[in-house]
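**Q** Okay, here's the prediction I keep looking at, along with the sequence it came from:
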Amino acid sequence: MSQRSRRSSVASESTRPTGGGALALAETSNAARQAELSPQRRPSSALSLASQRRDAEEEPSGGEAAGPQSFCDQFNREFCRQLHVFGASREEAAHRGPTVRAHQLGGASGEALSQEELDRLFTPTQQELLAGFCDTHIIPDRLFNGDEVGGSTAPQRLMLSAHILATGNYRPGSFAQAVHARMCGHWVNLVNHYAGVSAANRVGIRESFDHTGRLTMSVGEDENEAGESELGVARQGVFDGISRRHRRTEEQAIADGEAASEHVAFRCENLPMDQLDSLTPGDWLYVFNDNGRDGQRHGGGNHSIIFSRYGSDWRHNDEGKPYRIILCMSQISPSAGGREETRFIGPHYGFVGNERITPITSVTRPSQGARPVRNADELAAALGTGAEARRNQAFIARFMRRRSGRFDYDALARDLRTENEAMIDEIGQGLDGQRMTPMQRAAFTELNLRRQEGQTAQSIGELVRLHQKLTSLRDCARILDSSRAESAPGVEERRARRADHAAPRIATQWRRIAVFDGRVHGWVQEEASAARDLIEEHGLIELLGRVQLLERSLATWWTRRSGLSEASAEDFETQRRQADEAERTMDEHREALWDAVVDARIERRVPNPYRRLHRRSTRNVALLPDRRLDAEQRLRGLQGQSGYHTAHITRGEEGRAAFNGRGQRVDGQLEHLVPEPDWRRYIRSE
């Protein structure tokens, strides 16, 4: 297969099913397809559409039996736009991949991985789960945040997880749906959870559980200055312009092209120009997009995204402001869910046409070796350490100042262990026993039982941190479970009530997709007809077989694409995958026919339309996936507007506080224990 064919074949994989049940819109979809193939556009091909379909039924594969795809092929096609993060250093990976334009995601961003490489990256169980996702686009539970870690790095898992959560579906209620977060930063939280890089020392629902409500805890591992491996927190800030806010005048805001009346109170500091080229895949970025009602709410105009790679070199707008195109993942609204997209970044706010140039105001980067916690040592490192030893000693000293006797740290530790054990049991029983993994429970239990005697102010901080973490998890899990039980009936009712209202707009998006498919059919059919005419004119009968293979594969693809709008929710993903495979086969036959004609050295002898039509098909078919993706993302948003379950839904002020972890902390300090113990119980006579 030619290099052009390989690129086009991979590019055809850049769109995937957007989820939800396919509506019974066969009449409107097929009508749109037939309208696209009007008589003046239909070439005088030797095979009519009807005969092509008969041939396709006789030879469903278009002349070549398409056997089951290997996991290697599935992975490279499904995650073609994430391949840049493999086989290169963290810094180099960001600069790999083809140049793109606005609203175009491009094709493969790196070299395809071999099965041997995949075996080093993923365990057999992970490979099975990934293959299942490629087949069905159902998000597998515990792919990267369970007890199996594999050999992949944190940036690699983040890229895969962002794609999975942006394109996959799960079933939190009676229907399958996309992942809908409460806000853009919350969606990034969920990606971090799924990738197994969420910091265990954070508190609150959004920092503790994945989109299904399962517990996630991760530990970081990096090399210290001595070159030794060192455990620590999984996620660290690289640049924080959020806290370095400075006042701005209205004139300054207007000069930068911002909505001055909304942002004159303060503005976050921007990432300097010399650091804008140092982003790495998986970085959590805040970009200033001038949204929000005022300078104090909604992130102050900031939007959370996950950086994937650079999509262009530096350019300048009409005002001379520099910018680069990047590829990223984010959630632009709760109803739309996550998406892969292009954005413009630069050191200054501005515009390129209607596109915003958005400065970066915060960068948070996962540890390269971040992974789920597997034992007590990793849990202790993930919970962190600080100044608790000194502060606990000072706190107890103040408490004992006017009291005689000594403070019994061992007695306090025994009480904390008893409470910890009860909380471990309660948390572990959540979600029908699925909230914790076996390794998570073992790590909690082992850490809780360490150092049975001889506790001091210097050592008890570890047990206090564990108690604080478990208290936060227990309270958050209770609120999360009760909120979900309370909100679920309303969501189901809204979904049923809004389905009829959303159906016409969903049908419109199906018609748009049908028009795209009709264009492909028309282009390829005209190309095949021109090739047949050229071959017959020069008497190269031996090449007619290749034309027939192309026409039959085109008919197979057409039949499978036409049936998508009629597919049931259960069969939709499988039929979509079959249509994608048929499209790849068709494109391979198209390129093979072109190569055969070129080898026969007849395409340049006389003027003929085949060369022109082949170039047109190649150019437009390469652009088609991005156009389809836009329509399918709109379809995904419309399906979301019919009603959906929001991840981590909570109710009331108590729920909002639990979601954000307000009033909770993991700092190991005795004075911050909740509820506060009766310290007098631990005074012992000398």
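**A** Good, I have the coordinates. Keep in mind the model is a prediction, meaning the values are calculated, not measured.
**Q** buried stuff in the one helix or strand E583 maps to?
**A** Taking DSSP states H and E as the criterion, E583 maps to helix 572-599. Of all the residues in helix 572-599, those buried under the rule 16 or more other C-beta atoms under 10 Å are 572-573, 575-594, 596-597. Yep, even glycine has a C-beta here, placed from its N, CA and C like the rest.
**Q** Please name every helix or strand in contact with it.
**A** helix 3-11, helix 124-136, helix 461-537, helix 544-562, helix 609-641 (3 or more C-beta pairs under 8 Å, 6 or more residues apart in numbering; DSSP states H and E).
**Q** could you redo the last one with a cut-off of 6 Å?
**A** Secondary-structure packing of helix 572-599 (3 or more C-beta pairs under 6 Å, 6 or more residues apart in numbering; DSSP states H and E): helix 3-11, helix 544-562.
**Q** Going by mean pLDDT, which of those helices comes out lowest?
**A** Mean pLDDT values for these show the minimum at helix 3-11, a mean of 37.
**Q** what residue is smack in the middle of this protein?
**A** Nearest to the mean C-alpha position of the chain, by C-alpha atoms, centre = their mean, lies A162 at 1.5 Å.
**Q** how about the nearest residue to it, chain neighbours excluded?
**A** M329 (4.0 Å; C-beta to C-beta, 6 or more residues apart in numbering).
**Q** what sits against that neighbour?
**A** 162, 166, 306, 340 (C-beta atoms under 6 Å, 6 or more residues apart in numbering).
**Q** How much space separates the first one from Q82?
**A** A162 sits 8 Å away from Q82, going by C-beta to C-beta, to the nearest Å.
**Q** Common neighbours of the two, please.
**A** With C-beta under 6 Å, 6+ apart, A162 and Q82 have no common neighbours.
**Q** Can you name the residues in contact with stretch 673-686?
**A** 399, 405-408, 411-412.
**Q** Weed out the non-buried ones from these.
**A** 399, 407, 412.
**Q** could I get the one helix or strand Y323 maps to in PDB with only the CA atoms?
**A** Applying DSSP H and E as the criterion places Y323 in strand 322-331. C-alpha atoms of strand 322-331 as PDB (Å, rounded to 0.1, in the frame of the first residue of the first chain):
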ATOM      1  CA  PRO A 322       2.400  35.600  18.200                       C
ATOM      2  CA  TYR A 323       0.500  32.400  18.500                       C
ATOM      3  CA  ARG A 324       0.700  28.600  18.000                       C
ATOM      4  CA  ILE A 325      -2.000  26.100  17.400                       C
ATOM      5  CA  ILE A 326      -2.200  23.200  19.900                       C
ATOM      6  CA  LEU A 327      -4.200  20.100  20.100                       C
ATOM      7  CA  CYS A 328      -5.900  19.500  23.400                       C
ATOM      8  CA  MET A 329      -8.900  17.900  25.200                       C
ATOM      9  CA  SER A 330     -11.500  19.700  27.300                       C
ATOM     10  CA  GLN A 331     -15.100  20.000  28.200                       C
END
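**Q** ok, it: who's next to it in the sheet?
**A** strand 302-310 (antiparallel), strand 315-316 (antiparallel), strand 338-345 (antiparallel) (DSSP bridges).
**Q** Give me the residues contacting the first one.
**A** Spelled out, that is strand 302-310. Contacts of strand 302-310 (C-beta under 6 Å, 6+ apart): 84, 94-95, 97, 162, 184-185, 188, 279, 281, 283, 285-289, 324, 326-330, 361.
**Q** for that strand, the distance to its chain's centre please.
**A** Remark: strand 302-310 is offset 11 Å from the chain centroid, using C-alpha atoms, centre = their mean, to the nearest Å.
**Q** ditto for the shortest one
**A** Relative to the mean C-alpha coordinate of its chain, strand 315-316 is positioned 29 Å out (C-alpha atoms, centre = their mean).
**Q** which residues touch it?
**A** 322-323.
**Q** rerun at 10 Å
**A** Contacts with strand 315-316, where a contact means C-beta atoms under 10 Å, 6 or more residues apart in numbering, come from 321-325, 344, 346, 350, 352.
**Q** could you point out where the stretch 101-250 of the chain is predicted with low confidence?
**A** By pLDDT under 70, the low-scoring segments of the stretch 101-250 of the chain are 242-250.
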